[in-house]
Structures are given as structure tokens and as C-alpha cells.
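Novice: Everything below, folded, please.
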Amino acid sequence: MMRSLNLIVLTLISLMFCSNAFTVLPPQTNHQKTNTVSSSQQQQRHVAASTFCLNMADAGPATLDRPEVIEKKDTKDDVDEEQKNGTESWEVRLYNDPMNKREFVARCLTQITGLSDTAAYQVMMQAHNFGLATVGRYAFEMAELYHEQLREQGLSVDMVPVDDE
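Specialist: As a prediction, this is how the structure comes out:
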């Protein structure tokens, strides 16, 4: 029984690694019955594992079939989403906010939207002086991202669609 278990373990290990450089024997603990394995038995196992690996190497590479491609048909939801997102521009606008300091507003614009320090300062000052400033025009996803992040910082912002004409 123990020999067949050893052979199964050796076969599984050789399947995983397919290497004829090592002979792996299962570890023995002190409380197990000690089995002595002769060197000829080890060689037989080693040769069996090596032969199996060679047979696997001769099998050649596997060929996979290309998966089927299922085309998605346009639905009304796709059309509505395309009209909403589309390629049109969205404008992110900043409102004057008496609660936040001007330096904080400029730093948020720089860190979130990637404006230069000068551009962020000019946008902030325009919002401070006139009550409203345009941060920039972006695609819907970018405008939505900037809008959410600026709002999380406590700034008064909104986004509106803009015609590209």
C-alpha cells in the first residue's frame, strides 16, 4: 500500500514539474513506519518519471480554437447613453465660495485637474471676483471625475454640456 502511494505521489510530482534532474521521495516523520527504499527502486521510479516526461514532450503544443464573438446589438439604452455622454464637451464651472481659502481652492484645482499653478490661480481669482469661473472643457467622463473630486474637497462646482460649434 505504501509503495503504491509513493509511486502515485512521485507520478503527480513528475507531472507537475516534468524534470528528470530530481528524484522526490515523500517526507517521513518519526512516528511513521520506516520503509527502506533501495537505490534500484529509486532508479526505477526515476526512469518511469523521466519516460513519462519524454512522452509528454513528444505530444507537441496544444492548439486552441478561437472563441466565438457575439456582437452586441444596439439598444435604446445604448443610444440614450451615447446621447448623454457623446463626444460633446462638458464644462466644469467653479463658483465663489466664502468658506474656503483662495490658496486651498487653487491647490485643489492644481492637484485634481492638473492645471498649472498660474492657471489655477487665475481660475480661482476669476471665481472670486466674478462669482463664476470655467475650470475647463472636458469629455463627459473626465468632467464627471473632476466634478466629483472637487465637490469632495468642499468646492462649489457644477458641470454643464457645451455645444462644440
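
Novice: Please list the outside residues in contact with the helix or strand harbouring residue 121.
Specialist: Residue 121 is part of helix 117-130 when elements are defined by DSSP states H and E. The contact list for helix 117-130 (CB atoms under 8 Å, 6 or more residues apart in numbering) reads 94-97, 102, 105-107, 109-110, 113, 115, 132-135. Bear in mind the C-beta positions are built from the backbone N, C-alpha and C, glycine included.

Novice: same thing but at 10 Å, please
Specialist: Contacts with helix 117-130, where a contact means CB atoms under 10 Å, 6 or more residues apart in numbering, come from 92-98, 100-116, 132-136, 155-157.

Novice: Which is the succeeding secondary structure element to it?
Specialist: Where DSSP H and E defines the elements, the next helix or strand beyond helix 117-130 is strand 132-138.

Novice: Buried ones in that next one, by neighbour count?
Specialist: 133, 135-136, 138 (16 or more other CB atoms under 10 Å).

Novice: How about stretch 99-108?
Specialist: Buried residues in stretch 99-108, counted by 16+ other CB under 10 Å: 105-108.

Novice: Looking at those residues, which are in helices?
Specialist: Judged by DSSP state H, the buried residues of stretch 99-108 include 105-108 as members of helices.

Novice: Give me the contacts around stretch 141-151.
Specialist: Residues outside stretch 141-151 that contact it (CB under 10 Å, 6+ apart): 85, 89-94, 105, 108-109, 111-114, 135-139, 155-162.
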